[in-house]
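> Sequence first, then the predicted structure:
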Amino acid sequence: MPRYEYRCRTCGNTFELSRPMAESSAPADCPAGHDDTVKLLSTVAVGGTAASSAPAPSAGGGGGGGGCCGGGCCG
């Protein structure tokens, strides 16, 4: 079940709730009893490295195809 982060506008407390996605926008009461809360936009951190056999494209051209369409139709 997803966890959502909320902040109480009254006391400034930040708290999390586990609830179904269908209830993500439902009002949430602060653990201190206040009802003026707002759902925070949470970010997801993904770590690790991507393995690739192709080199990353370089900016600035340098003789490869490039262009906005891969080198086929741009002049």
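Happy to help now that I have it.
> Pretty sure residue 10 sits against residue 33.
No - if you go by Cβ atoms under 8 Å, residue 10 and residue 33 don't touch, sitting 9.2 Å apart. All C-beta spots, glycine's among them, are computed from the backbone N, C-alpha and C.
> Between those two, which is the more surrounded one?
A direct count of neighbours by other Cβ atoms under 10 Å for residue 10 and residue 33 places residue 10 higher, at 13 against 9.
> Just give the nearest non-adjacent residue to that one, would you?
Leaving aside its chain neighbours, residue 10 sits nearest to residue 34 (4.0 Å; criterion: Cβ to Cβ, 6 or more residues apart in numbering).
> Tell me which helix or strand the one you found sits in.
If you go by DSSP states H and E, residue 34 is not part of any helix or strand.
> what's the answer for residue 38, then?
In the assignment (DSSP H and E), residue 38 maps to strand 37-39.
> Name every strand pairing with that strand and say which way it goes.
Strand 37-39 sits in its sheet next to strand 3-8 (antiparallel), going by DSSP bridges.
> The residue nearest to residue 29 when sequence neighbours are not counted: neighbour count?
Closest residue to residue 29 apart from its sequence neighbours, by Cβ to Cβ, 6+ apart: residue 35 at 5.4 Å. Per other Cβ under 10 Å, the neighbour tally for residue 35 reads 11.
> Low-confidence regions, this structure specifically.
Counting by pLDDT under 70, the low-confidence segments of the chain come to 44-46, 48, 50-75.
> Over to the residue nearest to residue 8 when sequence neighbours are not counted. Which of the three states is it?
Excluding the flanking residues, the one nearest residue 8 by Cβ to Cβ, 6+ apart is residue 30, at 3.7 Å. At residue 30 the chain is in coil, as set by DSSP: H, G, I helix; E, B strand; the rest coil.
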